[in-house]
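>>> Could you look at this predicted model? Sequence included:
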Amino acid sequence: MRPIKTFAVVLSIAALAATAAAAQEASLTVAFAGVKAHKGKMMGVLFDSQAAYDGKGEAVRAFAVAADGATIEERLPGLKPGRYAIRVFHDLDGDGKMGLNPFGIPTEPFAFSNDAKGMMGPASWDAAAFEVKAGDNVQTIHID
C-alpha cells in the first residue's frame, strides 16, 4: 500500500510543477495594420536580446504569414515572459528576401515592434523592445 501512496504524491507534485510551468508560459499575437497590398507574406523575426537583435546572436523565432486579407495575424506560442523585439518586412514579390535598390535602401515595406523608427538604419533595440508577460499578449505593428 505504501508504494501506491508514494506514487500518488509524486504524480501530484509533477502535476503542480507542470501547472506552474504552464502559468509562466506566454504567447504573442503579432497583428499587422495599415497593410496596403494584400499579397505576398509578412516575414518577421522575433528576438529576445539586444545582442541577437543587433546580429550577434540567434532569433527566438522566425515567421511568415500570408498577407491576403484585411486581418493579418500570427500567433507565437510557447514563449518565456521577458523583453522581445520584432523586425518585419512585407515580401511583396514572394522571393523571401527584402527588396533593396542599388543604394541598399529597402523597396518593400518594413517595420519594427512598437512602430519604432530608425535613423539611417533599423530601429534600435531600446525603441523596438516590449514586454511579454505570462499569458496572452498582442503587439500591433503598422506597416505601409
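It's in.
>>> Once you drop chain neighbours, what's closest to the residue nearest the centre of the chain?
With distances taken as C-alpha atoms, centre = their mean, L46 lies nearest the centre of the chain, 4.0 Å away. Ranked by C-beta to C-beta, 6 or more residues apart in numbering and with sequence neighbours excluded, the top spatial neighbour of L46 is R61, at 4.4 Å. To be clear about C-beta, it is placed using only N, CA and C from the backbone, and glycine gets the same treatment.
>>> buried ones in stretch 27-44?
Buried residues in stretch 27-44, counted by 16 or more other C-beta atoms under 10 Å: 28, 30, 32, 35, 40-44.
>>> And it, how far out from the chain middle?
12 Å (C-alpha atoms, centre = their mean, to the nearest Å).
>>> avg pLDDT for that stretch?
Averaged across stretch 27-44, pLDDT comes to 95.
>>> for stretch 133-144, same thing?
Mean per-residue pLDDT for stretch 133-144: 95.
>>> Also stretch 72-79?
Averaged over stretch 72-79, pLDDT sits at 97.
>>> and the gap between the closest residue to A111 other than its chain neighbours and I86?
For A111, ignoring the flanking residues on the chain, the nearest one in space by C-beta to C-beta, 6+ apart is I143 at 4.1 Å. Distance of I143 to I86, given as C-beta to C-beta, to the nearest Å: 11 Å.
>>> With K56 instead?
Taking C-beta to C-beta, one finds K56 at 17 Å from I86.
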